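*Asks:* can't give you the sequence, but here's the structure:
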């Protein structure tokens, strides 16, 4: 996980680039590209700022995607942020597993919020089935967590380990 707001901003830039590039090659995989940076932001910003970021990035995704109606993802990201923000206190900021676990929880809760909203507003082409539950509620959040692990947690962990080893080697040979 980044150590500063600058690193947090860099994660949003990486997510934006990936959100623009990856769907061109793999349109069938629906990854929530902005969820890991939002989860990371939970550790650097206040709840109102996190809520605004969630709404903003949800609306950006609403603008890029054709369905469902505009504001649907923005509002579901906002509601999920309001539910999940306090949960950050139960996970260490620097732990390797924090971003993937929180990403899974965000995606899981967001999918349930979207399902409830779609049901309440009677949106077309949405039905609650076992297939939907397994694929969208259980498997897709795992893909989001794997994305968070491979793009945000693992590179940072490898870099930190390399830097520690490099400094240890340099300090050992400096004497």
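*Replies:* Arrived safely, thanks for sending. Quantities reported herein were computed from a predicted structural model and do not represent experimental measurements.
*Asks:* now the helices: where do they sit in the chain?
*Replies:* For the chain, the helices defined by DSSP state H cover 5-25, 35-42, 47-64, 72-84, 98-120, 130-132, 140-148, 154-173.
*Asks:* minimum distance to residue 91: which of these has it?
*Replies:* Closest approach to residue 91 among those is made by helix 98-120 (4.4 Å; Cβ to Cβ). Yep, even glycine has a C-beta here, placed from its N, CA and C like the rest.
*Asks:* now the closest one: buried residues?
*Replies:* The neighbour-count check on helix 98-120 (16 or more other Cβ atoms under 10 Å) flags 98-115, 117-118 as buried.
*Asks:* what mean pLDDT does that helix get?
*Replies:* For helix 98-120, mean pLDDT is 91.
*Asks:* start the count at 13, not 1, going forward
*Replies:* Happy to do that; since the first residue is 13 now, the last one works out to helix 110-132.
*Asks:* give me the residues contacting that helix.
*Replies:* The contact list for helix 110-132, computed with Cβ atoms under 8 Å, 6 or more residues apart in numbering, reads 13, 44, 47-48, 50-52, 54, 80, 84-85, 87-89, 91-92, 95-96, 99-100, 103-104, 135, 138, 140, 148-149, 152-154, 156-161, 164-165.
*Asks:* try it again with 7 Å
*Replies:* Outside helix 110-132, the residues that touch it by Cβ atoms under 7 Å, 6 or more residues apart in numbering are 13, 44, 47-48, 50-52, 84, 88-89, 91-92, 95-96, 99-100, 103-104, 138, 140, 148-149, 152-154, 156-157, 160-161, 164-165.
*Asks:* count of neighbours near residue 142?
*Replies:* By other Cβ atoms under 10 Å, 7 other residues sit near residue 142.
*Asks:* what pLDDT does it get?
*Replies:* So, for residue 142, pLDDT stands at 89.
*Asks:* dump the residue contacts of the spatially most central residue of the chain.
*Replies:* Geometric centre of the chain, nearest residue: residue 47, 1.7 Å, by Cα atoms, centre = their mean. Taking Cβ under 7 Å, 6+ apart, we find residue 47 in contact with 115, 118-119, 156.
*Asks:* hmm, residue 45 is touching residue 27, no?
*Replies:* Yes - with contact defined as Cβ atoms under 7 Å, residue 45 reaches residue 27; the gap is 4.7 Å.
*Asks:* contact partners for residue 83?
*Replies:* Residues near residue 83 by Cβ under 7 Å, 6+ apart: residue 74.
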